[in-house]
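S.K.: Next input, structure requested:
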Amino acid sequence: MKPSVYALMFAFVIVTTSVFAEEQVTVPSAVEQNEVQTTDEVKNAGVSTQVHERNRIRKQEHKTELMQKKQDKLKAKMERKRERLMDKMEKKNEKMKEKMERRSERLNGAESGSGSGRR
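M.R.: Numbers count the residues shown, from 1 in each chain. Coordinates of the predicted model:
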């Protein structure tokens with residue numbers, strides 16, 4: 001072979017070796033960097049999980065409070081409704097008693113002959 005071919009092969013080997021050596025040097029640093037990122041991601045994932053859990057609990061408590069307020073409001077409404085109904089029934093009973101008293105007075109008065117009853 002000619003000396004230029006040897007020189008060309010030698011140059012190819014040197015270039016390939018230097019490129020391969022750079023890749024080997026670069027690759028471990030990239031791996032280390034990825035490991036650091038992975039560790040940070042794991043830590044951040046743990047923190048974000050805690051934050052997510054805290055927010056979920058807070059949201060659930062808020063829902064519970066809203067449901068409790070809604071139930072209390074409904075209970076108060078039903079209580080007012082019941083009170084109004086009881087008052088209405090009480091008034092109705094009072095009127096019925098008065099009506100029955102007037103009727104009995106009329107009947108008793110008609111029997112006694114005072115003339116207050118209908119004829």
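
S.K.: so where do the strands sit in this protein?
M.R.: When assigned using DSSP state E, the chain turns out to have no strands.

S.K.: Quick one: the helices in it, in order.
M.R.: In the chain, the segments counted as helices under DSSP state H are 3-112.

S.K.: average pLDDT for stretch 89-104?
M.R.: The average pLDDT within stretch 89-104 is 96.

S.K.: now stretch 47-56
M.R.: 87.

S.K.: Next, the buried residues of that stretch.
M.R.: By 16 or more other Cβ atoms under 10 Å, stretch 47-56 has no buried positions at all. C-beta here means a position set from N, CA and C on the backbone, and glycine is covered the same way.

S.K.: what does that stretch contact?
M.R.: With contact meaning Cβ atoms under 8 Å, 6 or more residues apart in numbering, stretch 47-56 is reached by no other residue.

S.K.: Could you export that stretch as CSV, CA atoms only?
M.R.: What follows is stretch 47-56, C-alpha atoms only, in CSV (Å, rounded to 0.1, in the frame of the first residue of the first chain):
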residue,chain,number,x,y,z
VAL,A,47,-43.6,17.1,47.4
SER,A,48,-46.2,17.4,44.7
THR,A,49,-47.9,14.3,46.0
GLN,A,50,-48.0,15.8,49.5
VAL,A,51,-49.4,19.0,48.1
HIS,A,52,-51.9,17.1,46.0
GLU,A,53,-53.0,15.1,49.0
ARG,A,54,-53.3,18.2,51.2
ASN,A,55,-55.4,20.0,48.5
ARG,A,56,-57.6,16.9,48.1
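
S.K.: Would you mind listing where this structure has pLDDT under the threshold?
M.R.: 1, 18-46, 112-119 (pLDDT under 70).

S.K.: Residue 14: neighbouring residues, count only.
M.R.: Using other Cβ atoms under 10 Å, residue 14 is surrounded by 10 other residues.

S.K.: Distance-wise, check it relative to residue 60.
M.R.: Residue 14 is 67 Å from residue 60, where distance means Cβ to Cβ, to the nearest Å.
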